[in-house]
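Chemist: sequence isn't available, so here's the structure alone:
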């Protein structure tokens, strides 16, 4: 087969598709290697004020036995099971360590148990946590 008989537009199109495919594979590998693994299963959000942390977890896949602990394991709350696309949350006592409030989230996916430690965003005294405490 003579390569000169193939039209140039078809050859250029094939080369362009190949280059785009290679760039996509490089980008996909780059993105997956720098994203924390827990973001594959959930998106946690934590806010801290008045020695209280409010943790909200949005599940990207079915999560089982979701439990939140403060970093020192002195306080915990159980969210339970969260179906994919759903949210769950809880509030627990927490105190900062070196001016940073940390929580530990334990969860199970596909009969494997995982744990993630995240920092809580510190908000002012007139916050949602204070508001929730006044409701209780």
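Modeler: That came in fine, so what should we check first? Worth saying up front: this structure is predicted, and the values here are computed from it rather than measured.

Chemist: residue contacts, residue 75?
Modeler: For residue 75, the contacting residues are 69, 92-94, by Cβ atoms under 8 Å, 6 or more residues apart in numbering. All C-beta atoms are positioned from the backbone trio N, CA, C, and that covers glycine.

Chemist: over to residue 104?
Modeler: 68-71, 73, 115-117 are the contacts of residue 104 under Cβ under 8 Å, 6+ apart.

Chemist: so what does it look like in phi/psi?
Modeler: Residue 104 adopts backbone torsions of phi -120, psi 130, taken as degrees, to the nearest 10.

Chemist: measure it to residue 44 for me?
Modeler: 11 Å (Cβ to Cβ, to the nearest Å).

Chemist: got any residues that touch both of the two?
Modeler: Common contacts of residue 104 and residue 44 (Cβ under 8 Å, 6+ apart): residue 116.

Chemist: thought residue 77 was touching residue 92?
Modeler: Yes. Using Cβ atoms under 8 Å, residue 77 is in contact with residue 92, at 4.6 Å.

Chemist: overlap in contacts, the two.
Modeler: 55, 68.

Chemist: pull the contacting residues for residue 6.
Modeler: Residue 6 neighbours (Cβ under 8 Å, 6+ apart): none.

Chemist: what's the spacing between it and residue 14?
Modeler: Distance from residue 6 to residue 14, counting by Cβ to Cβ: 9 Å.

Chemist: which helix or which strand is home to residue 27?
Modeler: helix 8-34 (DSSP states H and E).

Chemist: show me what counts as buried in the following helix or strand past that helix.
Modeler: Scanning forward in sequence from helix 8-34 by DSSP H and E, the next helix or strand is strand 42-49. Neighbour counts over strand 42-49 (16 or more other Cβ atoms under 10 Å) mark 42, 44, 46-49 as buried.

Chemist: so which elements touch strand 42-49?
Modeler: In terms of contacts (3 or more Cβ pairs under 8 Å, 6 or more residues apart in numbering; DSSP states H and E), strand 42-49 is packed against strand 52-59, strand 102-109, strand 112-119, strand 121-122, helix 128-135.

Chemist: which of the ones you listed sits closest to residue 18?
Modeler: strand 102-109 (36.1 Å; Cβ to Cβ).
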